[in-house]
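Participant: sequence isn't available, so here's the structure alone:
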């Protein structure tokens, strides 16, 4: 069997495979920077040590905040119950803008940091108002 | 087909079409109703508004309520009727109570602006047509509420609402809601959703009265309360004044009442 125009075909194939693999190769060379969300807003800094915690434990919030705030939405809107009782029995006003973002006033460094890394684009901020960005604390 | 067959077919067809509604009612009762009654439960509230039109003495009085509402709810003003978003607005008598106007209506009534809003109907047609349940009836206090997260902007509710209480966001409201026009405690809406008066549900949760009623404090122009409670202020006002509701013949049982006497 004879391969006609073998040189051109092989060169073409090499270029094609190279192009297809280029995103992976380039990606390997520059690994995406690991996200490092910050919780050092002035509001959180001012809190006393014992109060300096989220409405539920950090680990739970980290893995389940999306489901959690979804259940907040349904509780506030559908049931008309705008007070959440957390696992410690503390009562908290249900509000993304007026509860979550009052402490986490650094949307860029808190929300976007991971969301961008994971390429998720929640549409929260189409309606909910982002707090004015301040210079982070320490 | 001979004459006899044709007559048989025609007879059968008209029999079926005459019985169409009955057939549908038999298979799926209530499917063709414009609205469905909410499940009855004792002890639930039904919030209602009573507006004494004669107590609004000037344009400024209306503006006070409208601005109070639109400011705290981030309702944009595009200064263009095509893009208009309104939660609270005014309309002339003939548009407020269509079908009751005649050529000899008292001039002061004819020219009087009437303050309009979502009527939070007991049988809301907008809820009936919403394909995503973005608009829903709160059975415990009668509010017709919206979950903007679920609104897909189909505008069925706008077609269904006989009171024109709903507005569609053709443009991003944030184009004009900037700096001091923006209330940072309340969300805005986004392009492509429908919005309307929410009877200040976020204020009711804090035991406050609606902003438009608060703006009229001391004038006795607006009353708000539980219409199912015989001892409430709204019931007292309704007992002692002759009141009208908008388009009562449609059977939506609106919860906004108008006192016209004295205009």
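Facilitator: Okay, I see it. Please read these numbers as outputs of a predicted model, since none were measured by experiment.
Participant: can you list the residues that contact the worst-scoring helix or strand of chain B on mean pLDDT?
Facilitator: The weakest-scoring helix or strand in chain B, judged by mean pLDDT, DSSP states H and E, is helix B:20-27 (a mean of 79). Residues from elsewhere that reach helix B:20-27 (C-beta atoms under 8 Å, 6 or more residues apart in numbering or on different chains): B:16, B:31, B:32. Where you see a C-beta, it was placed from the backbone N, CA and C, and this is true even at glycine.
Participant: the second one: how many residues sit nearby?
Facilitator: This points to residue B:31. 10 (other C-beta atoms under 10 Å in any protein chain shown).
Participant: the residue nearest the centre of chain A: helix or strand, and which one exactly?
Facilitator: By C-alpha atoms, centre = their mean, chain A has its centre lying nearest to residue A:115, at 3.0 Å. Residue A:115 is part of helix A:113-117, with elements assigned from DSSP states H and E.
Participant: after that helix, next one along is what?
Facilitator: Following helix A:113-117 in sequence, per DSSP H and E, is helix A:124-127.
Participant: I'd like the distance from that following helix to the chain centre, please.
Facilitator: Distance of helix A:124-127 from its chain centroid, counting by C-alpha atoms, centre = their mean, to the nearest Å, is 14 Å.
Participant: check which residues of it are buried.
Facilitator: For helix A:124-127, the neighbour count (16 or more other C-beta atoms under 10 Å in any protein chain shown) marks A:124, A:126, A:127 as buried.
Participant: quick one: the helices in chain A?
Facilitator: In chain A, the segments counted as helices under DSSP state H are A:6-29, A:42-46, A:58-77, A:101-103, A:107, A:113-117, A:124-127.
Participant: what number of residues lie near residue 4?
Facilitator: Just so you know, I chose chain A. 6.
Participant: wait, chain B
Facilitator: 8.
Participant: helix, strand or coil for it?
Facilitator: Here residue B:4 is recorded as helix under DSSP: H, G, I helix; E, B strand; the rest coil.
Participant: chain A versus that one, what's the distance?
Facilitator: Using C-beta to the nearest C-beta, to the nearest Å, one obtains 61 Å as the distance from residue B:4 to chain A.
Participant: quick one: pLDDT of that residue?
Facilitator: Confidence at residue B:4, expressed as pLDDT, is 94.
Participant: with the one 10 residues further on instead?
Facilitator: Note on residue B:14: pLDDT of 87.
Participant: where does pLDDT dip in the chain?
Facilitator: Picking chain A for this. Across chain A, the ranges flagged by pLDDT under 70 are A:29-31, A:134-138.
Participant: actually it's chain B I care about, not the one you picked
Facilitator: Low-confidence segments of chain B, defined by pLDDT under 70: B:35-43.
Participant: which residue lies nearest the spatial centre of it?
Facilitator: Central residue of chain B (C-alpha atoms, centre = their mean): residue B:118, at 2.7 Å.
Participant: so residue B:215 makes contact with residue B:63?
Facilitator: No. Here residue B:215 lies out of contact with residue B:63, judged by C-beta atoms under 8 Å, at a distance of 9.4 Å.
Participant: just give the nearest non-adjacent residue to residue 105, would you?
Facilitator: Assuming you mean chain A. Distances taken as C-beta to C-beta, 6 or more residues apart in numbering or on different chains place residue A:131 nearest to residue A:105, at 4.2 Å, with adjacent residues excluded.
Participant: um, chain B though
Facilitator: Spatial nearest neighbour of residue B:105, chain neighbours left out: residue B:93 (6.6 Å); criterion: C-beta to C-beta, 6+ apart.
Participant: quick one: residues contacting the one you found.
Facilitator: Counting by C-beta under 8 Å, 6+ apart, the residues that residue B:93 touches are B:101, B:105, B:109, B:110, B:111, B:112, B:114.
Participant: OK, contacts around residue 54?
Facilitator: Let's take chain A. Residue A:54 neighbours (C-beta under 8 Å, 6+ apart): A:61, A:103.
Participant: chain B is the one I meant
Facilitator: Taking C-beta under 8 Å, 6+ apart as the test, what residue B:54 contacts is B:259, B:260, B:261, B:262, B:263.
Participant: determine which two of the residues you listed are furthest apart.
Facilitator: B:259 and B:263 (8.9 Å; C-beta to C-beta).
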